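> build me a model:
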Amino acid sequence: MANTFKSRVWVSEGNRYRFEEIESGRVKPDLGICFSGGGTRAMAAAMGQLRAVCAMNRLAAVDYIACVSGGSWASTIFTYIQDDAISDQALVGTPTAPESITVEALTAPMPETCLGYGATCNFLCAIVKNLCLCLKDALSADRVWIDAVGQTLFAPFGISDTATPCYYSLNQEAVDRIVAANPTLSQNDFIWVRRENRPYLVVNSAMVGPSGKIDHKKMRQNGLFPDLVGFEYTPLYVGSPAENRSAFSEYDLSAGNGFIEPFAFGGPAPSGPVAPDGTQEVPMPAEKFTITDASGTSSAAYGYTVAVIDHILGFARSVKGDLDRIQEKSLDAAAVAPEAVRGRQMLIAGDQKQFFGGVFDLLEHIHDCVKQAGIMPWWRFLLEFIDQAENILAGLLPQQTCWPVTREGGQQGADFDFTDGGNMENYGIISLLLRGVETIVVYINTSTKMEPGRVFNGTGGIDFKYIDSTLASLFGYAPKGLSHFTGNLGHNQVFDPAELKAVVDDFAACMGDGASGKTCREPLVSVQTHTTKTPAEDNWWGVENGRRVQVCWVYLSTPESWYHALAEPVQGLMKEKEFSDFPFYRTIGEDDGQLVMLSPEQVRLLAHLTCWTTMNSEKIKSLFAH
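Got it, this is the predicted structure:
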């Protein structure tokens, strides 16, 4: 049929979800790894953890990699690298004993063959260049972030090319089947997993709601997020297994209830039914859906910053007044504007000073990036961005057309906004619970330091300053007054709240009494057998209750034996400002004025730490060996 694709679809049957990799026998759900979100911090940490798994020759034992946001950056590169000339050893590195780490090796330029290379590149300049294109109507706003992910992180590995985007799939066999059913396509339209030893990838994001219908002003006033819906991208299919009718009922819409192949995702809803062979004729999407789209959507963390847009725009309009006056006086706006902006820092007081101080640093770097892009003058960029900010910011969220998967067809579709999966569940563990994975290693590469003795506040609640909020939410403890700064974690309970104490107690034992404030006695690792338990009134994800699963929680930490083994010059380097937050680098703005960029030494040292932690934890090693 003209202008349609023939795609396989998988329709859920109530709470019985269909996962093709399991149904076909390709994957046995024994062992899965989760790499949490957290920007380039999570990317660097995951690189070290993948290095350890490869070095221990345990990659073949891993059935799944589930990931979110920055964890998906590392996992996507590891899974979909297209350059056969780059060995796995060059990609993730080799283990280095702490006493063998040198300042010279840490600070050397990061080679482009290293998975962590993109973390050291100027992501902000890619964003600014794309914003310039957006202001000139040469790029849609929802491509600004995603294209920057592809250009900065994925392009060196042959995964992303914005000029000639490609669909993605699992392997050549899957691509051959798609091409045979769709003669307008060819192998050249696809990339696939080229290395046979890769675990099955599950990238997680979240659906926000129908584009253009969300009352962001009301959301900002109430400080609340809408009810988000989990969404998955895998090599064979994309979608949401549960039918999410209640989440979007106020818009008279539903979504989810199954999966469709990635190459057919993003078009209007099909009018005809699913054929007996499990295929369906679906309208062609207007644009190719790529693995960069998947990971870029998973990492669209700015989705929760809507709450501060009013503050930023109010400040920006006051700056615009300065720039307008500069223009009236025919002064050199390109030279004077940064000084005018910087001067306003003196007018900011109270608890806003730190926030807006960071804005000033950011503006200085944006000025440099605009100049480097060479698309328009700095002052013109700033004026046009402020004028168009409302429309641009409203359109920045990734958008795709979605519809509920049904056997009958004829369902209603709509354009939906998407956001970072971490705004809902930052590990990807629930996607593995839905698949019945028996043992799960969860790498919590967080910016929140664990302080076990202060987690429980004595009144039956949790102090979220001392525990990663996603970890607590999985046991039914969600931050009160959910805001755009914590995301919407209120639907995440999948384990008994009483079981969190055993995890925290394990971490307390690992901390030890003699460790310093920045180190612990041994890696924070807790291996528990949990029983899935969701509230009867809120099984949002559709997780089956009463199933036992072994979970190895690995919380980011600095064991004292690793730290004290470092050479004195390396310990001296760690006392400098750029390591003041180590290993808990901030997700945004760790280095002054930057967005997510880290230095080579920040990336390498964190990867060395997380590799060492995996290879020297008896709990982790015994689990992988088993």
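> can you count the residues close to residue 130?
Residues lying near residue 130 (other CB atoms under 10 Å) number 24. For every residue, glycine as well, the C-beta is placed using N, CA and C.
> quick check: closest non-adjacent residue to it.
residue 144 (4.3 Å; CB to CB, 6 or more residues apart in numbering).
> and the strands in the stretch 401-550 of the chain, which stretches?
Remark: strands assigned in the stretch 401-550 of the chain by DSSP state E, counting those that start in this stretch are 414-420, 439-444, 524-531, 548-555.
> an error on my part: the question was meant for the stretch 51-200 of the chain.
Under DSSP E, counting those that start in this stretch, the stretch 51-200 of the chain gives strands at 64-68, 167-169, 190-192, 200-210.
> ok, now the stretch 251-400 of the chain?
Using DSSP E, counting those that start in this stretch, the strands assigned to the stretch 251-400 of the chain run over residues 256-260, 279-283, 399-402.
> for the ones you listed, which one ends up most surrounded?
The highest average neighbour count among the strands of the stretch 251-400 of the chain, using mean count of other CB atoms under 10 Å, belongs to strand 256-260 at a mean of 24.
> still on that earlier bit, please identify the deepest-packed of the strands of the stretch 51-200 of the chain.
By mean count of other CB under 10 Å, the strands of the stretch 51-200 of the chain have strand 64-68 as the most buried, with a mean of 30.
> could you say what helices and strands that one packs with?
When contacts are defined as 3 or more CB pairs under 8 Å, 6 or more residues apart in numbering; DSSP states H and E, strand 64-68 packs onto strand 31-35, helix 70-80, strand 200-210, helix 429-434.
> ok, and what's touching that strand?
With CB atoms under 8 Å, 6 or more residues apart in numbering as the test, strand 64-68 has contacts from 27, 29, 31-37, 46, 74-76, 78-79, 198-205, 298, 420-422, 425-429, 431-432, 435, 437.
> swap the cut-off to 7 Å and go again
For strand 64-68, contacts defined as CB atoms under 7 Å, 6 or more residues apart in numbering pick out 32-37, 75, 199-204, 298, 421-422, 426-429, 431-432, 437.
> now it and strand 414-420, what's the angle there?
90 degrees (axes from the mean of the first three to the mean of the last three CA atoms, to 10 degrees).
> nearest to residue 450, out of the strands of the stretch 51-200 of the chain?
Shortest distance between residue 450 and the strands of the stretch 51-200 of the chain, using CB to CB, is found for strand 64-68: 19.1 Å.
> listing partners with orientation, what would you give for the closest one?
strand 31-35 (parallel), strand 200-210 (parallel) (DSSP bridges).
> ok now the shortest one, how far from the chain's centre?
Spelled out, it's strand 31-35. In terms of CA atoms, centre = their mean, to the nearest Å, the centre of strand 31-35 is set 15 Å apart from its chain centre.
> then the last one?
Computed by CA atoms, centre = their mean, the separation of strand 200-210 from the middle of its chain amounts to 10 Å.
> could you check the angle strand 256-260 makes with it?
Going by the same axes, to 10 degrees, strand 200-210 makes 130 degrees with strand 256-260.
> with the shortest one instead?
Using the same axes, to 10 degrees, the inter-axis angle of strand 31-35 relative to strand 256-260 is 100 degrees.
> confidence score at residue 390?
pLDDT recorded at residue 390 is 64.
> same question but for residue 484, I mixed them up
For residue 484, the pLDDT comes out at 39.
> could you do residue 90 as well?
pLDDT for residue 90: 97.
> please name the nearest non-neighbouring residue to it.
Sequence neighbours aside, residue 113 is the residue nearest to residue 90 in space, at 4.6 Å (criterion: CB to CB, 6+ apart).
> which of the strands of the stretch 51-200 of the chain sits closest to residue 121?
Of all these, it is strand 64-68 that lies closest to residue 121, at 20.2 Å by CB to CB.
> closest to residue 152 out of the strands paired with strand 64-68?
Checking these against residue 152 by CB to CB gives strand 200-210 as the closest, at 17.6 Å.
> got the angle between that closest one and helix 70-80?
Taking the same axes, to 10 degrees, strand 200-210 and helix 70-80 form an angle of 130 degrees between their directions.
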